[in-house]
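Peer 1: I'll drop the sequence and a predicted model, then ask my questions.
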Amino acid sequence: MYRNAISFLFLALILYNATSAVWINGAFLLNRDYVVENLCEQRLSLDNECQGQCVLMKKLKESQERDSEHSTTKMQELQLVFTQNTWLFSLSAAVGVRTRMPIPADQGQRTDSFTLAIFRPPIS
C-alpha cells in the first residue's frame, strides 16, 4: 500500500515538473485580472497593451532556466557516475603459429572394433 502511494506521488511530481509551463499558463489565465492590476510592469500606463504578458514571460523564463540548470547538473552527475574503462587489445597473429595445418596421411589399418563393444542397442 505504501509503495503504491509513494509511486503515485513520484509520478505526480514527475508529471508536474514536465508540465510546469502548462501550470504557469493556467495560473496566469485564472489570475489575469489580478496580474494586470497589481503585478504588471506597465500597470500605471493608460494604454496597457501588455495585459500581464510581461509577468507571464518572466515566470516562463525562470522556469526554463531552472529546468536547464537541473538538466546540466544531471548531465554532469551522469558523466561522473557512468565512466567506463575500455581495454585496448589487438588480434594480431602470434609469431610461429602455422596458418595451414597439413592433413595427416593414412596411418595404416584402423580398427573400429571398440565401437561395437561400447554401443549396444537395447534388447527388446
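Peer 2: Arrived safely.

Peer 1: Where does the prediction get shaky in this structure?
Peer 2: For the chain, the stretches with pLDDT under 70 are 73-85, 88-119, 124.

Peer 1: Does the closest residue to residue 16 other than its chain neighbours belong to a helix, a strand or coil?
Peer 2: Leaving aside its sequence neighbours, residue 16 sits nearest to residue 23 (CB to CB, 6 or more residues apart in numbering; 6.9 Å). (C-beta placed from N, C-alpha, C; glycine too.) Following DSSP: H, G, I helix; E, B strand; the rest coil, we place residue 23 in the helix state.

Peer 1: Could you give the number of residues near residue 23?
Peer 2: 12 (other CB atoms under 10 Å).

Peer 1: Hmm, it is touching residue 17, no?
Peer 2: No: contact between residue 23 and residue 17 fails when scored by CB atoms under 8 Å: they sit 9.9 Å apart.

Peer 1: shared neighbours, those two?
Peer 2: Applying CB atoms under 8 Å, 6 or more residues apart in numbering, one finds that no residue jointly contacts residue 23 and residue 17.

Peer 1: how much space is there between residue 40 and residue 56?
Peer 2: Separation of residue 40 from residue 56 (CB to CB, to the nearest Å): 10 Å.

Peer 1: Equivalent analysis for residue 50, please.
Peer 2: Distance from residue 50 to residue 56, counting by CB to CB: 10 Å.
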